[in-house]
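Q: kindly generate the corresponding structure for this input.
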Amino acid sequence: MKNIIRKMQLVLLLLSAAIVKGQLPLQFGDGIITHSPNSYTASGPTTSPAVLRVIHTSNTSTTPLGATWTSPIPKPLNNFYSNWNVITLGYVFGVTLDQNPNPNIYVSSTQIYSSTTLNNRKIWRLKGGVPGVGAIGSNSLVFDFNNPSGTGTATSLRSLGNVKYERFGPIENIYVSDWQTGEIHRLVGSSASNSLWANQPAFNPKFGRLSDDPSEMPYGLAVRRISTTSVKLYYSKISTNSNSNLIGGYGNNEIYSVDINPANGDFITGSETIANIPNINKNPTSWGGFAGSGISYVCSILPVISDIAFTKNGAKMLVGQQSWGTWGFLAPHNSEVREFINTPLFSTTWVNTANIFTAGAYLNSTCSTPAAYKNAVGGVSYSDNVIKKNAEYACDTAVYFSADYINAAGTNIVYGVQALNANGGAAGTVANSLWIDADDYLLYYDKTFLGDVEIYKNPFDCTAPCNCNNSSWTNIAMGANTSWWAGPPNALPTLTYTQGQPPLSGVLFPNYHCAGTNCIATYTFSLLKPDNTSINLPNSSGGFNLAQIPFSQMICNKTYYIIITPICGQTSCTPVRIPLIYNCSDIPPQSCECKGTVTINASQSLVVTPQNNTTNLNPVSTVTGSFTLSASLPVTEVRMLVDEFRLTTTSGNDNCMLCRNKPQTWGSINAATLSGVTSQTAVTPALANDIREFVFNNGANSMFNLNGNTLNFTLGVPGITGLNCCKLKVEVCIKFIIRDVNCCEREVLKCFTFDLQ
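A: Next comes the predicted model:
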């Protein structure tokens, strides 16, 4: 009876979706998802005709987060037209939208849902509401690359990868990756016509090699507009020769780019460049298959990059992975959605952003690496519509991606699309995401049946993101002096400090204007050393106090640079470098006489912790105390030595002194610390060694100041008998040797006495 009810629910769902009108044109924020027409119910396989659907995400004001957005209330159904079926269009993965008002939809053939399915290599246009031939939702063939025949033809490669549309002036372009030829094709045509588009000369990526490797081919695609004169097409690499049992199987998750002519969209020969992104390979994981699939993998599932998206300003790149069990065949649970930021902007280097996009629920693996939240399916897209709002826009404010295993509880099984705040940082969890089931059928899994996602972004009305502006350095003020540096092209002033002079004074206040509405720059300050390493400098209310320059960590007669880096949103912008010369040449030659002063004051209270031989056969007592050290010149080293130790009895009986006292109990240094110093002699705890000297410094040739720094110490002293008639007295003299910046050493002897019992 339960299976009959489920079948009736599915039939009603499909019928209601098929007859719904008005799915197109898209509203800003709506999206298109592709998927296999197959799905499974508890009683066995069934077939749904649709291979893509509209998701109505323009208004998410009633959307729950971390729960299923149910249909039909409050969520509208994921609609499709009757011709959007596998018989008409074949199996499709890639999806893109043109740049018309009420855009058309373009989809590309795929083999990923079954390695032997149809093997088409076609691009279809689905009419979105722009003027032209055909009814809304109708399909027309854009191009058929045809399948080559012959005994040497690999049927496993008869598939297209992904597809992207881009207009340059009046010229409309469609880029598509082709697994059969290993090329990226460029089609030129008219979105307002049902005529076939013209196939232009293709680009054959070499992926950094001197000659073409036919086993390597492109998959995910994205166009990045850097400026009006600089445009690049990015593409991911896949390979049939990769070892599926090693990290990086099927392509090593690499991304490359080729320059394209901004006048017409043509490829620029010889401009292929690798994009340096952090390693996002995964160890193989496993999938046991599921009932009715007839498929099972053991520790061989590896991800490839199947989709790429960029923010409007080109500063961030969103990457969607897709898990494969065999070549070109989907498997689940070992793929991620990752975001990278370009730094420096418009270079080839990318780093991880602070934003996390957790794909699906947690799922363990039986192999070496847990699957964790790696349930991405391969489609990614930015959206300008603010999540949980209606018709409220901000550029690239949300991220949408296809995902398996979003929820798998009983009759609330969600496989489809997640959406998250694009700038949510580490809050990008499943619990904070919007859940959309792909086919609005919550009774079974759509594992390995999900595809790409593309959101219709508002090209006109979105708040510009907080970003860099390469011409926006205004000035750096020195306190109230706003003209201390007036910005380019004026050279930055040079700061000079001569050793032994009063510290530099003044506060630097940088002024950088970010691009974007209500976008205020923040700053980081660092000191670039001659060896190109850096020291982070403190930031106080947006400025830097020159008195905090760490000259004690610097070397004489060297040039350093104060680096001020403006931060707009999450983007590090072009920094400025203020030269800082640390000059020691004006110091007169040192004489034989040390002229600096050193003051050392001992603590007025000592803490004695006696230990007697009634509970320990080898008792060790301790005494702790402190000194305050001051010096008129910077110093490079402080040494603490136990110069003299004497133990006497005040009771007149030498038997009160235990014979089992070891050398390390006669004033050995058990521990010592000096505030403001990072390096010191290492000590094995519990007085295992006899240590008579401690050395404090901040590394060779580094200086530090002694301005009342505290030196805390613990000494080992002999154990006692515990008898009331035995009284012991300890006399200790500690010698301090202070070496200053002139290599002059001063010795100070400090003695103190205390009763041990």
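
Q: so where's the stretch 151-300 of the chain shaky on pLDDT?
A: Across the stretch 151-300 of the chain, the ranges flagged by pLDDT under 70 are 151-156, 242-248, 286-299.

Q: what about the longest strand in the protein?
A: Using DSSP state E to define each element, the chain has its longest strand at strand 393-409.

Q: would you mark the buried spots in that one?
A: In terms of neighbour count (16 or more other Cβ atoms under 10 Å), strand 393-409 has its buried residues at 393-408. Backbone N, C-alpha and C define where each C-beta goes, glycine included.

Q: C-alpha coordinates for it, CSV please?
A: Provided in CSV are the C-alpha atoms of strand 393-409 (Å, rounded to 0.1, in the frame of the first residue of the first chain):
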residue,chain,number,x,y,z
TYR,A,393,20.2,42.6,-4.6
ALA,A,394,23.9,42.8,-3.9
CYS,A,395,26.5,41.6,-6.4
ASP,A,396,27.5,38.0,-6.0
THR,A,397,25.8,37.8,-2.6
ALA,A,398,24.8,34.1,-2.7
VAL,A,399,26.3,30.9,-3.9
TYR,A,400,24.3,28.0,-5.4
PHE,A,401,25.6,24.5,-6.0
SER,A,402,24.3,21.1,-6.8
ALA,A,403,24.8,18.5,-4.0
ASP,A,404,24.0,14.9,-3.1
TYR,A,405,22.8,13.8,0.3
ILE,A,406,21.6,17.2,1.6
ASN,A,407,19.2,15.3,3.8
ALA,A,408,18.4,11.6,3.8
ALA,A,409,15.8,11.2,6.6
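
Q: same for that strand, what does it pack against?
A: Contacts defined by 3 or more Cβ pairs under 8 Å, 6 or more residues apart in numbering; DSSP states H and E place strand 393-409 against strand 316-326, strand 337-342, strand 376-385, strand 412-421, strand 434-437, strand 450-455.

Q: can you list the residues that contact the helix or strand following the longest one?
A: As assigned by DSSP states H and E, the chain's next helix or strand after strand 316-326 is strand 329-330. Outside of strand 329-330, the residues within contact range by Cβ atoms under 8 Å, 6 or more residues apart in numbering are 111-115, 322-324, 377, 448-449.

Q: most surrounded residue in those residues?
A: In terms of neighbour count, Val377 stands highest of the contacts of strand 329-330 at 38 neighbours, by other Cβ atoms under 10 Å.

Q: so that residue is in contact with Asp404, correct?
A: Yes: with contact defined as Cβ atoms under 8 Å, Val377 and Asp404 form a contacting pair (5.8 Å).

Q: between these two, what contacts are shared?
A: Common contacts of Val377 and Asp404, defined by Cβ under 8 Å, 6+ apart, comprise Leu450.

Q: on that earlier part again, mind putting the contacts of strand 329-330 in a markdown table, pLDDT and distance to Glu272 included?
A: Output for those, formatted as a markdown table (pLDDT from 0 to 100; distance: Cβ to Cβ, whole Å):
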| residue | pLDDT | distance to Glu272 |
| --- | --- | --- |
| Gln111 | 90 | 26 |
| Ile112 | 91 | 26 |
| Tyr113 | 88 | 31 |
| Ser114 | 69 | 32 |
| Ser115 | 51 | 29 |
| Gln322 | 94 | 23 |
| Ser323 | 90 | 27 |
| Trp324 | 89 | 24 |
| Val377 | 95 | 28 |
| Thr448 | 88 | 33 |
| Phe449 | 91 | 34 |
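
Q: in the stretch 151-300 of the chain, mark out all the strands, start to finish.
A: Using DSSP state E, counting those that start in this stretch, the strands of the stretch 151-300 of the chain run over 160-168, 171-178, 184-189, 198-203, 216-227, 230-239, 255-260, 273-275, 285-287, 297-310.

Q: buried residues, the fourth one. List them.
A: This points to strand 198-203. In strand 198-203, counting by 16+ other Cβ under 10 Å, buried: Phe203.

Q: that strand: how far from the chain's middle?
A: Relative to its chain's centre, strand 198-203 lies at 36 Å (Cα atoms, centre = their mean, to the nearest Å).

Q: same question, stretch 468-485
A: 30 Å.

Q: ok, and what's touching it?
A: Contacts of stretch 468-485 (Cβ under 8 Å, 6+ apart): 315, 345, 486-488, 492-493, 506-515, 564, 566, 568, 571, 573-574, 576, 578.

Q: got it, and stretch 223-232?
A: Applying Cβ under 8 Å, 6+ apart, the external contacts of stretch 223-232 come out as 164, 166, 168, 175, 233-234, 257-262, 310, 314, 317, 346.

Q: which among these count as buried?
A: Buried members of the contacts of stretch 223-232, counted by 16+ other Cβ under 10 Å: 164, 166, 168, 175, 233-234, 257-260, 262, 310, 314, 317.

Q: report the separation between His35 and Ala602.
A: Separation of His35 from Ala602 (Cβ to Cβ, to the nearest Å): 79 Å.

Q: who has more neighbours out of those two?
A: Set His35 next to Ala602 and count neighbours by other Cβ under 10 Å: His35 wins out with 29 against 15.

Q: now do the same for the residue nearest to Asn423 when sequence neighbours are not counted: its pLDDT.
A: Nearest in space to Asn423, with sequence neighbours left out and distances taken as Cβ to Cβ, 6 or more residues apart in numbering, is Asn355 at 6.4 Å. If you check Asn355, the pLDDT there is 93.

Q: which element is Asn355 on?
A: Going by DSSP H and E, Asn355 is not part of any helix or strand.

Q: that one and Asn432 touch, don't they?
A: No: the pair Asn355 / Asn432 is not scored as a contact, 11.7 Å apart, by Cβ under 8 Å.

Q: ok, the buried ones among the contacts of stretch 223-232 vs Asp440, which is closest?
A: If you rank the buried ones among the contacts of stretch 223-232 by distance to Asp440 using Cβ to Cβ, Lys164 comes first, at 27.8 Å.

Q: any idea how far the closest one is from Ala309?
A: Counting by Cβ to Cβ, the gap from Lys164 to Ala309 is 10 Å.

Q: shared neighbours, the two?
A: Contacts common to Lys164 and Ala309, judged by Cβ under 8 Å, 6+ apart, are Ala222.

Q: tell me which residue is most central in the chain.
A: The chain has Asn352 as the residue nearest its centroid, 2.4 Å off, counting by Cα atoms, centre = their mean.

Q: contacts only, for that residue.
A: Residues near Asn352 by Cβ under 8 Å, 6+ apart: 278, 338-341.

Q: buried subset of those residues?
A: 338-341.

Q: can you pick out the most distant pair from the residues you listed?
A: Arg338 and Ile341 (11.1 Å).

Q: pull the contacting residues for the residue lying closest to Arg167 once chain neighbours are set aside.
A: Excluding the flanking residues, the one nearest Arg167 by Cβ to Cβ, 6+ apart is Gln99, at 4.9 Å. Shown in contact with Gln99 (Cβ under 8 Å, 6+ apart): 165-167, 459.

Q: ends of stretch 512-530, what's the gap?
A: 27 Å (Cα to Cα, to the nearest Å).

Q: off-centre distance for that stretch?
A: With Cα atoms, centre = their mean, you get 20 Å for stretch 512-530.

Q: in that stretch, which residues are buried?
A: Burial within stretch 512-530, assessed by neighbour count using 16+ other Cβ under 10 Å, is assigned to 512-516, 519, 521, 523, 525-529.
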